[in-house]
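1. Sharing a sequence plus its predicted fold:
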Amino acid sequence: MPTSPLAVLVAALVYFVLGGLWYSPVMFAKPWMALVGTSEEAIKQKGGAAKAYLVGIVCALIIAFVLAIFVEQHPTANLFTGAQTGLMAGLGLVAMTAFTTSTFEGRPLKLFLIDAGYNVVGFILAGAILGAWR
């Protein structure tokens with residue numbers, strides 16, 4: 001059974017909103033900014049927030065769409081199998097690719113964990129939504 005376009009949209013929005021929370025002062029904004037060598041003021045001065053948000057939401061939509069295709073492959077997709085699919089894709093594909101790149105670039109492990117953690121948690125949530133929406 002094909003995934004509902006509305007489920008893809010909701011999964012994308014949850015993933016996108018998670019990013020806003022993940023990189024906010026409530027969670028990892030301060031350590032992330034320190035690790036990338038920037039500040040809140042510097043980010044505001046650079047401008048381009050609209051472009052970054054647009055890229056973020058478009059990427060979240062593409063991620064949710066592709067993840068929906070993965071979830072659809074499970075004959076009895078549900079919340080659990082959707083979350084499991086999100087975990088496998090997020091950890092096995094996204095995080096490991098990012099870890100390889102991060103290692104070659106000599107980036108701090110903590111920065112990798114913050115960035116990859118967002119993606120893995122986001123994939124799990126999006127997968128759970130897509131699986132449960134069947």
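-> That came in fine, so what should we check first? Predicted model only: the values in this text are computed from it and were never measured.
2. nearest residue to residue 111 other than its sequence neighbours?
-> residue 35 (4.1 Å; Cβ to Cβ, 6 or more residues apart in numbering). C-beta coordinates here come from the backbone N, C-alpha and C atoms, glycine included.
3. Equivalent analysis for residue 110, please.
-> Once flanking residues are discounted, residue 110 sits nearest to residue 35: 6.1 Å by Cβ to Cβ, 6+ apart.
4. List the buried residues for the helix or strand hosting the one you found?
-> Assigning secondary structure by DSSP states H and E places residue 35 in helix 29-36. With burial defined by 16 or more other Cβ atoms under 10 Å, the residues of helix 29-36 counted as buried are 32-33, 35.
5. continuing past it, what's the next helix or strand?
-> Downstream of helix 29-36, the next assigned helix or strand under DSSP H and E is helix 40-46.
6. What mean pLDDT does that next one get?
-> Mean pLDDT, helix 40-46: 77.
7. And stretch 51-71, by the same measure?
-> 95.
8. got a list of contacts for that stretch?
-> Stretch 51-71 has contacts (Cβ atoms under 8 Å, 6 or more residues apart in numbering) with 3, 7-9, 11-13, 15-16, 19, 77, 81-82, 85-86, 89, 122-123, 126-127, 130-131, 134.
9. at 6 Å instead, please
-> For stretch 51-71, the external contacting residues (Cβ atoms under 6 Å, 6 or more residues apart in numbering) are 3, 8, 11-12, 15-16, 77, 82, 85, 126-127, 130-131.
10. In CSV, list those along with secondary structure, neighbour count and pLDDT.
-> Shown next, in CSV, are these (DSSP: H, G, I helix; E, B strand; the rest coil; neighbours: other Cβ atoms under 10 Å; pLDDT from 0 to 100):
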residue, secondary structure, neighbour count, pLDDT
3, coil, 22, 80
8, helix, 24, 97
11, helix, 32, 98
12, helix, 25, 98
15, helix, 26, 98
16, helix, 20, 97
77, coil, 23, 92
82, helix, 30, 97
85, helix, 25, 97
126, helix, 32, 98
127, helix, 29, 98
130, helix, 30, 97
131, helix, 27, 96
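11. doesn't residue 112 make contact with the residue nearest to residue 110?
-> No - Residue 35 lies out of contact with residue 112 (Cβ atoms under 6 Å); the separation is 9.4 Å.
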